[in-house]
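[1] make a model of this:
(one chain, ligands or ions: 3)
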Amino acid sequence: MKKGILLVNLGSPESPTPQDVKTYLGEFLMDERVIDLPYIARAALVKGIILKTRPKASAAAYKKIWWEEGSPLIVISERLQAKVQKEIEYPVALAMRYGSMTIEKGLKQLVDQGVDEVFLIPLYPQFAMATTETILVLAEEIRQAHFPNIKIDHLPAFYNRPDYIEVLSNSIKHHLESKTYDHVLFSYHGVPERHIRKSDVTKSHCKLDGSCCKTPSKAHEFCYRHQCLEVTRLVGEKLNLKPDTFSTSFQSRLGFDPWLQPYTDRTIERMGLEGTKNIAIVTPAFVSDCLETLEEIAMEGQELFHEVGGKEFTTVPCLNEENAWSELLAKWINNWADTTATT
Ligand SMILES: C=CC1=C(C)c2cc3[nH]c(cc4nc(cc5[nH]c(cc1n2)c(C)c5CCC(=O)O)C(CCC(=O)O)=C4C)c(C)c3C=C
Ligand SMILES: [Fe+2]
Ligand SMILES: [Fe+2]
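    Residues are numbered from 1 along each chain as shown. Ligands and ions are numbered 1, 2, ... in the order given. Okay, here's the model as predicted:
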């Protein structure tokens, strides 16, 4: 069998115009694993409410972070793909869950090169129904419909792999070396609490009461909250951070349902009001900088912190195209290739 690699990230609008943002949000938010309501209710919410107002505001936010070459998330993912490709002998394709760089096109690129055994890498350290699961489900549907003769394996959530924690910690350490900070806030993309309960394979573990994620359980293989808390804990340990000098929060909530807490914006505000002068923010739910890190944290978060009396606000970049990160992906790919060598 001939092996090939498919890296998959979230996707971005084609351009930062309200029309393109509307098309992108329409596809994204109509995904039943993102807004998990029955079709009629989802369509009423997305098409009847969200798409009437949000595209204009989101497009304005995208305009602030857009690069000459395009969306930061896409450009960074392409650079990462090129770097990984240089390090391994198998063809590497890149796809996005939403937008024009589809998973179908990515698989076709590989199949056209003779690949019949694909290693799919969702570019998310933690599992979530709205990210990893939707990618894997769609990839399988596409395989069955268009490429029934290929095999697809995937990289599971890698949030607690020691080599990942080491690369992430070194990167954070490097970026914070010359900075002043009293607190490191680990801000992860939020999800509705309901998503956590739905992904609980035990159907009874997740109580969202603050303690369940620290009690060992089979549920944690698919518990986004547990996996985020673990990244914070493991990086804190690796960097020798003192107990009260780092914490976790969740950003980017949408709608009125309860999402994972504490919320990042309220945490930044509270810390500023309580007298924390200097904070550093890391965003380990994202491997590439994007709207949520460059605008929501580095711009909006910073402005909020200064409004409430904060001074230094340092944002640590995502792993992006760092050598240690592309080399780690190459290592995982080669390990996979070795373990599947006889097939
Ligand atoms: C119900 C809505 C959403 C869920 C659940 C959700 C989960 C989720 N998202 C990411 C990663 C990214 N999200 C990004 C943008 C973004 N996310 C939502 C909504 C949900 N996300 C919206 C509406 C948007 C668009 C921007 C906006 O209008 O606010 C991005 C950035 C994309 C970019 O082009 O830069 C990323 C990345 C994760 C990891 C996650 C669950 C764990
Ligand atoms: Fe999101
Ligand atoms: Fe949990």
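[2] when you work out contacts or count neighbours from here on, use the C-alpha atoms and nothing else.
    Noted.
[3] mind checking which helix or strand residue 280 is in?
    strand 279-282 (DSSP states H and E).
[4] who does the helix or strand following that strand touch, helix- and strand-wise?
    Downstream of strand 279-282, the first helix or strand assigned by DSSP H and E is helix 291. Applying 3 or more Cα pairs under 8 Å, 6 or more residues apart in numbering; DSSP states H and E, one finds that helix 291 contacts helix 51-65.
[5] can you give me the angle the next helix-or-strand element following the helix it packs on makes with helix 51-65?
    For helix 51-65, the following helix or strand on the C-terminal side (DSSP H and E) is helix 72-87. With axes from the mean of the first three to the mean of the last three Cα atoms, to 10 degrees defining the directions, helix 72-87 sits at 60 degrees from helix 51-65.
[6] so what touches helix 72-87?
    Residues outside helix 72-87 that contact it (Cα atoms under 8 Å, 6 or more residues apart in numbering): 7, 9, 11-12, 65-66, 69, 91-94, 288-291, 320-321, 323, 326-327, 329-330.
[7] show me where the stretch 201-343 of the chain has helices.
    224-238, 264-273, 291, 302-307, 323-339 (DSSP state H, counting those that start in this stretch).
[8] who wins for proximity to ligand 1 among the ones you listed?
    helix 291 (3.8 Å; Cα to the nearest ligand atom).
[9] would that closest one count as contacting ligand 1?
    Yes - for helix 291, a contact with ligand 1 is found by Cα under 6 Å from any ligand atom, at residue 291.
[10] from here on, count from 48
    From this message on, residue numbering opens at 48, which makes the last subject helix 338.
[11] now that helix, how far from the centre of its chain.
    Put simply, helix 338 sits 12 Å off its chain's centre (Cα atoms, centre = their mean, to the nearest Å).
[12] from the chain's centroid, how far away is the strand holding residue 327?
    On Cα atoms, centre = their mean, the centre of strand 326-329 falls 17 Å from that of its chain.
[13] who does it pair up with?
    Note on strand 326-329: by DSSP bridges, its sheet partners are strand 230-236 (parallel), strand 360-362 (parallel).
[14] what's in contact with the helix or strand just after the longest one?
    Right, strand 230-236. Sequence order places helix 240-245 as the next helix or strand after strand 230-236, per DSSP H and E. Helix 240-245 has contacts (Cα under 8 Å, 6+ apart) with 176, 250, 253, 254, 255, 270, 271, 272, 305, 306, 307.
[15] counting neighbours, what do you get for the second one?
    When neighbours are counted by other Cα atoms under 10 Å, residue 250 registers 10.
[16] who does the closest residue to residue 360 other than its chain neighbours bridge with?
    Distances taken as Cα to Cα, 6 or more residues apart in numbering place residue 326 nearest to residue 360, at 5.2 Å, with adjacent residues excluded. Following DSSP bridges, residue 326 is listed with bridge partners residue 230, residue 360.
[17] quick check: residue 326 vs ligand 3, distance?
    Distance, residue 326 to ligand 3, by Cα to the ion, to the nearest Å: 27 Å.
[18] re earlier: so is the strand holding residue 327 next to ligand 1?
    No - judged by Cα under 6 Å from any ligand atom, strand 326-329 makes no contact with ligand 1; its nearest approach is 13.7 Å.
[19] pLDDT of that strand, averaged?
    Strand 326-329 shows an average pLDDT of 98 in the prediction.
[20] put the alpha carbons of it into CSV.
    Only the C-alpha atoms of strand 326-329 are listed here, as CSV (Å, rounded to 0.1, in the frame of the first residue of the first chain):
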residue,chain,number,x,y,z
ILE,A,326,-0.6,38.8,32.3
ALA,A,327,0.6,36.5,29.6
ILE,A,328,-2.0,34.5,27.6
VAL,A,329,-1.4,31.2,25.8
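[21] most surrounded residue in the contacts of helix 240-245?
    The residue in the contacts of helix 240-245 with the most neighbours, by other Cα under 10 Å, is residue 271 (28 neighbours).
[22] confirm for me that it is in contact with residue 173.
    Yes - with contacts counted by Cα atoms under 8 Å, residue 271 reaches residue 173, the gap being 6.0 Å.
[23] ok, back up a step: quick check on the contacts of helix 119-134: which are buried?
    Buried members of the contacts of helix 119-134, scored by 16 or more other Cα atoms under 10 Å, are 54, 56, 58-59, 112-113, 138-141, 335-338, 367-368, 373-374, 376-377.
[24] domain map for this structure?
    Taking automatic domain parsing as the criterion, the chain consists of the domains 50-204+370-386, 209-362.
[25] measure the last one end to end?
    By that I understand domain 209-362. 24 Å (Cα to Cα, to the nearest Å).
[26] near ligand 1, which residues of the stretch 98-247 of the chain are found?
    105, 120, 175, 177, 178, 236, 238.
[27] cutoff 5 Å now
    For the stretch 98-247 of the chain, the contact set with ligand 1 under Cα under 5 Å from any ligand atom comprises 105, 238.
[28] quick one: residues contacting the residue nearest in space to the middle of the chain.
    Closest residue to the average C-alpha location of the chain: residue 333 at 3.7 Å, with Cα atoms, centre = their mean. For residue 333, the contact set (Cα under 8 Å, 6+ apart) comprises 171, 172, 235, 365.
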